[in-house]
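[1] coordinates for the following, if possible.
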Amino acid sequence: MRIGSHEACSKFGPLSMRLGNMPSVQKNNRGAALLADIREDDGLSYERLALLIGVSSDALRACREYRATLPPLVQVRLARAIAARCPRLAVRARRLETQATAAASLESAPNALHLTAPPKWW
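    Numbers count the residues shown, from 1 in each chain. Purely as a prediction, here's the structure:
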C-alpha cells in the first residue's frame, strides 16, 4: 500500500519524480556536495567512481553541478564507494548513505497507512 497524505499525492508517481523539479531539493543535494569535495589527491576520478557504482561519468558531473539528482539507490552505492576509498570523506559519505537509504525505503512504500494512531509507547 502506498503512503501519502491524500490520494492526490499518489497520482504523481514516486517521490523522486515529485521532488525532481524543486530547486531547494536540487540545492540541498548531499551527493553533489560530496562529489564536489573529491580532490585529485584522493586518487578517485569521476570515471573510476562511475564504473564502480554503475552510472556514467556525465551523470556524476551533472549531479556535482546540481543539474540532476541521482536516484537514491545510486546515491547509496556512491556513498559506500566514497567511504571505502576516501577516509577523509567517510563520515559525510555514511550520512549520505543513511539519507539515501531512507529515501529509497520511502519510495518503495513498505509502510502501511493505519486508520488509527499507534498506542503510546511510554
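[2] from here on, just use CA atoms for contacts and neighbour counts.
    Fine.
[3] residues contacting the closest residue in space to residue 46 that isn't next to it in sequence?
    Leaving aside its sequence neighbours, residue 46 sits nearest to residue 57 (Cα to Cα, 6 or more residues apart in numbering; 5.7 Å). Taking Cα atoms under 8 Å, 6 or more residues apart in numbering, we find residue 57 in contact with 46-47, 49-50.
[4] OK, contacts around residue 85?
    Residue 85 sits in contact with residue 44, where contact means Cα under 8 Å, 6+ apart.
[5] look up the pLDDT of it for me, please.
    Reported pLDDT at residue 85 in the predicted model: 91.
[6] measure it to residue 108 for me?
    29 Å (Cα to Cα, to the nearest Å).
[7] do the same with residue 92
    24 Å.
[8] how near is residue 31 to residue 71?
    10 Å.
[9] in terms of neighbours, single out the busier of these two.
    When residue 31 and residue 71 are compared for neighbours, residue 31 comes out ahead with 27 against 13, by other Cα atoms under 10 Å.
[10] and that one, how far from residue 86?
    14 Å.
[11] next: residue 70.
    Distance from residue 70 to residue 86, by Cα to Cα: 20 Å.
[12] show me where this protein has its helices.
    Secondary structure of the chain (DSSP state H): helices located at 7-10, 15-19, 23-27, 30-36, 46-53, 57-64, 72-85, 90-108.
[13] just send those back as CSV, with distance to residue 119 too.
    Rendered in CSV, the data for the helices of the chain read as follows (distance: least, Cα to Cα, whole Å):
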stretch, distance to residue 119
helix 7-10, 25
helix 15-19, 28
helix 23-27, 34
helix 30-36, 35
helix 46-53, 42
helix 57-64, 42
helix 72-85, 32
helix 90-108, 23
